[in-house]
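A.B. asks: Pasting the sequence and the predicted model now:
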Amino acid sequence: MECDYHRRGECASCTLIDVAYPDQIARKRRRVAAALGVDEASVAVTTGPDARFRNKAKMVAGGTMDSPTLGILDESWHGTDLTRCPLYPEAIHVALRTLSRFVSLARLAPYDVAERRGELKHILVTVSPDDELMVRFVMRSTEAHTRIVKHLPTLLTELPNVRVATLNVLPDHRAALEGEREVVLTSESKLPMRLRGATLYLQPRSFFQTNTGVCEDLYERARGIVAEIAPRSVWDLYCGVGGFALHLAGEDRDVTGVELSPEAIECARLSAAELGDVAGTGLTFLSGDATAFAIENGGAGRWPDLAVVNPPRRGLGGDLSRTLEASSIPAVLYSSCNPTSLAHDLAAMPGFRVESAELFDMFPHTEHAEVLTLLRRR
Ligand SMILES: C[S@@+](CC[C@H](N)C(=O)[O-])C[C@H]1O[C@@H](n2cnc3c(N)ncnc32)[C@H](O)[C@@H]1O
């Protein structure tokens, strides 16, 4: 992938950009195989385009109201504009150009980290497969709320595909992406992500994979694997807005999704209700801690035929790994974005063997790897 920002030394985010794409894949495949102790040739690989694949832009605001930058800050906190970053699709490029103008129009002062002055910290843009947008202004306070609302009609005229716009409040001076409080500025608060197998809904702070195309492939592959296992009952732990569970639903199958975020569960239930109209599903979504859920239900002897797990980067951790190990669950489908924590969890689950491992390259030009691993009880 060609990138002028990288060539000029302005951005170093894509650490593998100088490695030819096939070599990047070979390198990740080797790493996954080593982490799992399997033969490299057995690790199947799914890739998508190596440019314009990112569905979410997380831009740090810099510069001034009249000449803002949306991108990153350098080591002396000066803004570097990355609005033409080749990882983003055209809809995000257009949005970022328009949003730069909006910063000036609505008089949003970029936050100056060194001086602890200003309001606008980040602009976050997510694009759906239908090219609809969620736009979020992460601000130090609600000081600019009235001005954003006043000028919002102009933004919506210039970017008619904005479905959701919000103001997120991040008051403290810390290196966080977003704060707890979200003020929704549009009549809609959810962005529909119409995938091949189901429509998922994103609320402003919901997790979603950043590569929509490869994510669809991942869910479809999980559906294929699970169809062969044909379990009657499935847990989807760390289910987010329900991607795996919704793709695994079917007649004569109970699927229970568990997720910490109540907002994500609300979205998953909405998708399930829509899917129910078509398929008549046995889908249940619960908000809570995945480990506590497994311990409580397992303690009552309610183990499923299959557990799907898709934890954050830190992995399952000792308690959940040991609970799965001690359970009577015959198979686990583990989707991991971190081969290191995956290997660590597997070490605590010696009763399972790796039946298959597949690499889904969601994050070209970086070391990150998403791995779908089917574990069967020995
Ligand atoms: C990698 S994401 C996976 C989301 C989902 N499976 C998907 O396909 O988009 C991890 C999810 O775990 C959730 N999470 C984090 N800690 C959790 C916990 N202790 N119990 C349940 N869910 C948790 C996060 O909110 C996030 O939605």
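C.D. replies: Right, received. Where do you want to start? Numbers count the residues shown, from 1 in each chain.
A.B. asks: Not counting its neighbours along the chain, what's nearest the closest residue to the ligand within the chain?
C.D. replies: Of all residues in the chain, G240 sits closest to the ligand, at 2.7 Å by C-beta to the nearest ligand atom. C-beta: built from backbone N, CA, C; applies to glycine. Nearest residue to G240, sequence neighbours excluded (C-beta to C-beta, 6 or more residues apart in numbering): F207, at 4.8 Å.
A.B. asks: The residue of the chain closest to the ligand is in contact with V258, isn't it?
C.D. replies: No - contact criterion C-beta atoms under 8 Å: G240 and V258 do not qualify, at 10.4 Å.
A.B. asks: if we can go back for a sec, list the residues that contact the residue of the chain closest to the ligand.
C.D. replies: By C-beta atoms under 8 Å, 6 or more residues apart in numbering, the contact set of G240 is S206, F207, F208, E259, S261, A264, A268, N310.
A.B. asks: same thing with H122?
C.D. replies: By C-beta under 8 Å, 6+ apart, the residues touching H122 are K58, M59, V60, A61, R136, V138, L170, L177, E178.
A.B. asks: Adjacent strands (with direction) for the one helix or strand the fifth one maps to?
C.D. replies: When elements are defined using DSSP states H and E, R136 is found to belong to strand 133-139. Applying DSSP bridges, strand 133-139 is found paired with strand 120-127 (antiparallel), strand 162-169 (parallel).
A.B. asks: Packed most tightly, which of these would that be?
C.D. replies: strand 120-127 (a mean of 23; mean count of other C-beta atoms under 10 Å).
A.B. asks: rewinding a little: where's the residue nearest to G240, which helix or strand?
C.D. replies: Going by DSSP H and E, F207 is not part of any helix or strand.
A.B. asks: What backbone torsions are found at it?
C.D. replies: F207 has phi and psi values of phi -80, psi 140 when expressed as degrees, to the nearest 10.
A.B. asks: give me the number of residues near it?
C.D. replies: Other residues near F207 come to 15 when the count uses other C-beta atoms under 10 Å.
A.B. asks: Equivalent analysis for W235, please.
C.D. replies: Using other C-beta under 10 Å: W235 sits among 28 other residues.
A.B. asks: Do I have it right that it meets D254?
C.D. replies: No - between W235 and D254 there is no contact under C-beta under 8 Å: 9.6 Å.
A.B. asks: Mutual contacts of those two, please.
C.D. replies: Taking C-beta under 8 Å, 6+ apart as the criterion, W235 and D254 both touch P304.
A.B. asks: picking up where we left off before, other residues contacting the strand holding R136?
C.D. replies: 91, 95, 99, 108, 119-128, 144, 148, 155, 159, 161-170, 177-179, 182, 191, 202, 204.
A.B. asks: Show me which residues of the next helix or strand along the chain from it are buried.
C.D. replies: For strand 133-139, the following helix or strand on the C-terminal side (DSSP H and E) is helix 145-158. Buried residues in helix 145-158, defined by neighbour count with 16 or more other C-beta atoms under 10 Å: I148, H151, L152, L155, E158.
A.B. asks: So which residues on this structure come close to the ligand?
C.D. replies: 207-209, 238-240, 243-244, 258-261, 264, 289-290, 310-312 (C-beta under 6 Å from any ligand atom).
A.B. asks: Narrow those to those that are buried.
C.D. replies: With burial judged by 16+ other C-beta under 10 Å, the buried subset of the residues of the chain next to the ligand is 208-209, 238-240, 243-244, 258-259, 261, 264, 290, 310-311.
A.B. asks: Restricted to strands, list those.
C.D. replies: V258, E259 (DSSP state E).
A.B. asks: Out of the buried ones among the residues of the chain next to the ligand, which comes closest to R196?
C.D. replies: G243 (11.7 Å; C-beta to C-beta).
A.B. asks: Let me see the confidence value for the closest one.
C.D. replies: pLDDT for G243: 97.
A.B. asks: Offset the numbering so it begins at 240, please.
C.D. replies: Fine by me, first position is 240 from now on; the one you just mentioned is G482.
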